[in-house]
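Undergrad: Sequence first, predicted model second:
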Amino acid sequence: MPTNKELLNYNKNLLTTQKYNKELQFNLKKRVFITFDNLLKNRGYKGLLEGEKLLDLGSADNTFVNVCNENGLIARGLDIGDNINFEKDKLPIKTNSIDIVTGISIIEHLYSPEKFLSEIKRVLKPSGFLILVMPNWRYSWRSYFDDPTHVRPYTETSIQKLLESFNFYNNYVVPYLVMKPAWMWNLPFKFFFAKWIIPFRGNMKYVPKILKGSSSSILTLSTNSK
């Protein structure tokens, strides 16, 4: 089991890689913002609204937080660099004060998600939303543990059951397709489609957009009350 110091060092080193190039991350997180907004609207909600309070857990370099703030939300992020252990610590956030909690590629790094999900329940308003992104073990098992901080795999079935067990409601579990038509989320074989029918990764050049964005990850949307 990696120690907190080892995880912190890994995280610091990761933030210096090309993956976290500022321009690259900003462009990606703008697309993520639009995708989350579309996800909410596709489910009949109003989307990401100005003035709403958003908490991003596992916020890394806070690029997504910055994008949210630029779009009129009141956003803040928390990560291991803030001396937070998501498996043990209470979040330094008031109860029932947050409209939306996001967690992009964070829950798979936790051996036990109990404290993490319980604290999210606590800080969310009754009308609040939870949005999570994680790898789908069913389609990523060959490379899953190439990241030494991945410790707990999930499938679309297991994350659905986990969210239900912590009393999250209206759980919508779909492939993590960034800025794709909403009908792709509604296909009966949507996870297979996202991985195998869309042939190219999103960073491929000179490829039509409709053919890019192959995904082996999961996107979930949940409400904090029925």
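TA: Received it, and whenever you're ready, just let me know what you need. Residues are numbered from 1 along each chain as shown.

Undergrad: in this protein, which helix or strand is least confident?
TA: helix 4-14 (a mean of 70; mean pLDDT, DSSP states H and E).

Undergrad: List the contacts of the next helix or strand after it.
TA: Using DSSP states H and E, the helix or strand that follows helix 4-14 towards the C-terminus is helix 22-42. By CB atoms under 8 Å, 6 or more residues apart in numbering, the residues outside helix 22-42 that reach it are 18-19, 46-48, 61, 63-64, 66-68, 71, 102, 104, 129, 131, 172, 174, 177-179, 182, 185, 219, 221. Just so you know, the C-beta spots here come from the backbone N, C-alpha and C atoms, and that holds for glycine as well.

Undergrad: swap in stretch 158-169?
TA: With contact meaning CB under 8 Å, 6+ apart, stretch 158-169 is reached by 107, 113, 117-118, 121, 130, 132, 134, 154, 171, 173, 218, 220, 222-226.

Undergrad: can we see that at 10 Å?
TA: Residues outside stretch 158-169 that contact it (CB atoms under 10 Å, 6 or more residues apart in numbering) are 107-108, 113-114, 116-118, 120-121, 124, 129-130, 132, 134, 136-138, 152, 154-155, 170-173, 218, 220-226.

Undergrad: can you tell me the average pLDDT over the lengthiest strand in the chain?
TA: Assignment by DSSP state E gives strand 124-135 as the longest strand of the chain. Averaging pLDDT along strand 124-135 gives 98.

Undergrad: in stretch 61-74, what counts as buried?
TA: Asp61, Asn62, Thr63, Phe64, Val65, Asn66, Val67, Cys68, Asn71, Leu73 (16 or more other CB atoms under 10 Å).

Undergrad: and the gap between the first one and Leu14?
TA: Asp61 sits 10 Å away from Leu14, going by CB to CB, to the nearest Å.

Undergrad: Repeat that for Gly77.
TA: Taken as CB to CB, the span from Gly77 to Leu14 is 15 Å.

Undergrad: The two - which one has more neighbours?
TA: Gly77 (21 against 14; other CB atoms under 10 Å).

Undergrad: I'd assumed the more buried one was in a helix, is it?
TA: No. Using DSSP: H, G, I helix; E, B strand; the rest coil, the assignment for Gly77 is strand, not a helix.
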